[in-house]
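Visitor: Give me a 3D structure for the following:
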Amino acid sequence: MTGKRPTITDVAAQAGVSKATVSAVLNDTGAVKGATRERVLDAITRLNYRPTQGGGRAVMRNGRSIGLLIKEHDNPYYAQVADGVRACADAHGYTLLIVSTGGDYETERRAVELLRAKDVDGLIVTPVLDEHADLSHFFDLKRRNFPFVFLEEVRGVPASLVDVDNASAACRAVEYLIARGHTRIVHFAGPGYSAHSAERVQGVRNAYSASHLVFADDVVVPAGAHLEDGYRAAFARFRDAPAATRPTAATCYNDLVAIGVCRALSELGLRVPDDVSVIGFDDIPLCQYVPVPLTTVRMPAAEMGEIATQMLIRQIESRESVTPQRVYLDATLVERASTTARAGADGSTPGRHHPPTNTPRPLAARP
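Guide: Reported below is the predicted structural model:
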């Protein structure tokens, strides 16, 4: 290829068909036979052709841009991701557009269509995966050879991915508590639209299975993604729990949920960590400034955003087809004051917890 971007005419010539046939394949219209459709799709991939909304005509543009689709605009974790995306985008001359879907599938679908219609060059997506998600908009992007990178895995969609092994990270957090003498551990789970929530629940199950503890239905407590979700779920779970059987430790879907859990425990007269140890997930900056600094699993959010942007820009600027990549980064456990050993474990007693170290403990990463 020369330095010029391939056109619909180039695709038609490569596939030995008319431009109308290429257009029919791109728009999934008309009766194009299977073999012909495959020739067109193969030519699109070989040439790394990407149509614009102008239907192949030149489009007047003031610059290059990428879109970042997040699920929760009020979650500081996504601000950290956005920082990494923005730094890399700025360094390569791209403008960053950020859209929050609120965890709603229809909002995500409309946002994808709008950003593509505005000729954004590529997308980085934390996808909505609830019961309504049919993923057709992502398959449409693949058919059009539109560049995008996921920050959560979407099974069945061959796309580049940057993530951590959430199941392994959550498993290690529970194992950390078990090693410190906790035998009654609950997990406050995230929203149904998050693949990470399901993966972290699986990690809790794995930790129980590998230990002497018995996993029961009440180990996983539905919560959500926000402060009030953790507060309400913990208040309901601990309010009438007898002291002899109530949980002595909790892991949480994210730090916001964990902070809400801590607030509920305080209002119920339970001390963190003397009565209940609490572990969050993400390591947002607030964790260090709450009344009891929060032990948490640190997600390399900014690094994830930066790597995803590098991968996306390679897709955008490549003159050849780019094979999807999967990158898994390390998660680390950061010990602070919200966790302690139970009586009889490593010589400590309730009310005498180890001072916070802020020392990350590596958690297993998927190769």
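Visitor: Look up phi and psi at Asn206.
Guide: Note on Asn206: backbone dihedrals following degrees, to the nearest 10 are phi -60, psi -40.
Visitor: Tell me, how many residues neighbour it?
Guide: 18 (other C-beta atoms under 10 Å). For glycine as for every other residue, the C-beta is placed from the backbone atoms N, C-alpha and C.
Visitor: residues touching it, list them.
Guide: Neighbouring residues of Asn206 by C-beta atoms under 8 Å, 6 or more residues apart in numbering: 167, 171.
Visitor: Can you measure across stretch 132-151, start residue to end residue?
Guide: 20 Å (C-alpha to C-alpha, to the nearest Å).
Visitor: Then stretch 286-297?
Guide: End-to-end for stretch 286-297, by C-alpha to C-alpha: 14 Å.
Visitor: Could you list the buried residues of it?
Guide: 287, 290, 292-297 (16 or more other C-beta atoms under 10 Å).
Visitor: Return the per-residue confidence for Thr29.
Guide: pLDDT for Thr29: 66.
Visitor: So which residues of this structure form strands?
Guide: With strands called from DSSP state E, the chain shows them at 64-70, 94-100, 122-125, 148-150, 160-164, 185-189, 220-222, 249-252, 277-282, 295-298, 326-329, 332-334, 360-362.
Visitor: tell me the average confidence for the last one?
Guide: Think strand 360-362. 57.
Visitor: likewise the second one?
Guide: Model confidence over strand 94-100 averages 96 on the pLDDT scale.
Visitor: Just give me how far that strand sits from the chain centre.
Guide: 17 Å (C-alpha atoms, centre = their mean, to the nearest Å).
Visitor: buried stuff in that strand?
Guide: For strand 94-100, using 16+ other C-beta under 10 Å, the buried residues are 94, 96-100.
Visitor: quick check: angle from it to strand 64-70?
Guide: 20 degrees (axes from the mean of the first three to the mean of the last three C-alpha atoms, to 10 degrees).
Visitor: What of the fifth one?
Guide: Using the same axes, to 10 degrees, one finds that strand 160-164 and strand 64-70 are set 40 degrees apart in direction.
Visitor: For Val186, see how far away Leu129 is.
Guide: In this view, Leu129 and Val186 are 24 Å apart by C-beta to C-beta, to the nearest Å.
Visitor: Oops, could you answer that again for Ala223 instead?
Guide: Counting by C-beta to C-beta - Ala223 and Val186 are separated by 10 Å.
Visitor: Between the two, which has more neighbouring residues?
Guide: Ala223 (29 against 25).
Visitor: Around Leu68, count how many other residues there are.
Guide: That count, for Leu68 with other C-beta under 10 Å as the rule, works out to 25.
Visitor: meant to ask about Glu113, not that
Guide: 13.
Visitor: thought it was touching Leu141?
Guide: No - Glu113 is beyond contact range of Leu141, at 9.9 Å (criterion: C-beta atoms under 8 Å).
Visitor: who's in contact with the spatially closest residue to Gly192 that is not a sequence neighbour?
Guide: Of all residues not flanking Gly192 in the chain, Asp130 sits nearest, at 5.3 Å (C-beta to C-beta, 6 or more residues apart in numbering). Going by C-beta under 8 Å, 6+ apart, Asp130 touches 103, 105, 192-193.
Visitor: Can you list phi and psi of Asp130 for me?
Guide: phi -90, psi -170.
Visitor: can I see the domain layout of the protein?
Guide: Following automatic domain parsing, one finds the domains of the chain at 1-60, 64-164+301-329, 166-297+331-362.
Visitor: rank those domains by pLDDT, which is bottom?
Guide: Minimum mean pLDDT among the domains of the chain: domain 1-60, a mean of 66.
Visitor: thinking again about what came up before, redo the buried residues of strand 94-100 as JSON lines? Include distance to Glu199.
Guide: Below are the buried residues of strand 94-100 laid out as JSON lines (distance: C-beta to C-beta, whole Å):
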{"residue": "Tyr94", "distance to Glu199": "30"}
{"residue": "Leu96", "distance to Glu199": "27"}
{"residue": "Leu97", "distance to Glu199": "28"}
{"residue": "Ile98", "distance to Glu199": "24"}
{"residue": "Val99", "distance to Glu199": "24"}
{"residue": "Ser100", "distance to Glu199": "22"}
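Visitor: Quick check: bridge partners of Ala249?
Guide: Taking DSSP bridges as the rule, Ala249 bridges to Ile185, Ser277.
Visitor: That one and Thr309, how far apart?
Guide: When Ala249 is compared with Thr309 (using C-beta to C-beta), they lie 37 Å apart.
Visitor: Over to Ile124?
Guide: From Ile124 to Thr309 the distance is 7 Å (C-beta to C-beta).
Visitor: returning to that earlier point: which of the strands of the chain is buried the deepest?
Guide: strand 249-252 (a mean of 30; mean count of other C-beta atoms under 10 Å).
Visitor: Report the contact partners of the residue nearest to Leu213 when sequence neighbours are not counted.
Guide: Closest residue in space to Leu213, ignoring its immediate chain neighbours: Thr183 at 6.1 Å, by C-beta to C-beta, 6+ apart. By C-beta under 8 Å, 6+ apart, the contact set of Thr183 is 213, 248, 342.
Visitor: What is the nearest of the buried residues of strand 94-100 to Arg271?
Guide: Ser100 (35.9 Å; C-beta to C-beta).
Visitor: before we move on, the earlier item: pull the most distant pair out of the contacts of Asp130.
Guide: Tyr105 and Gly192 (11.0 Å).
Visitor: More neighbours: which of these two?
Guide: With neighbours defined as other C-beta under 10 Å, Tyr105 and Gly192 compare such that Tyr105 has more, 19 against 14.
Visitor: how close does the more buried one get to Asp134?
Guide: 8 Å.
Visitor: Over to Gly102?
Guide: Gly102 is 18 Å from Asp134, by C-beta to C-beta.
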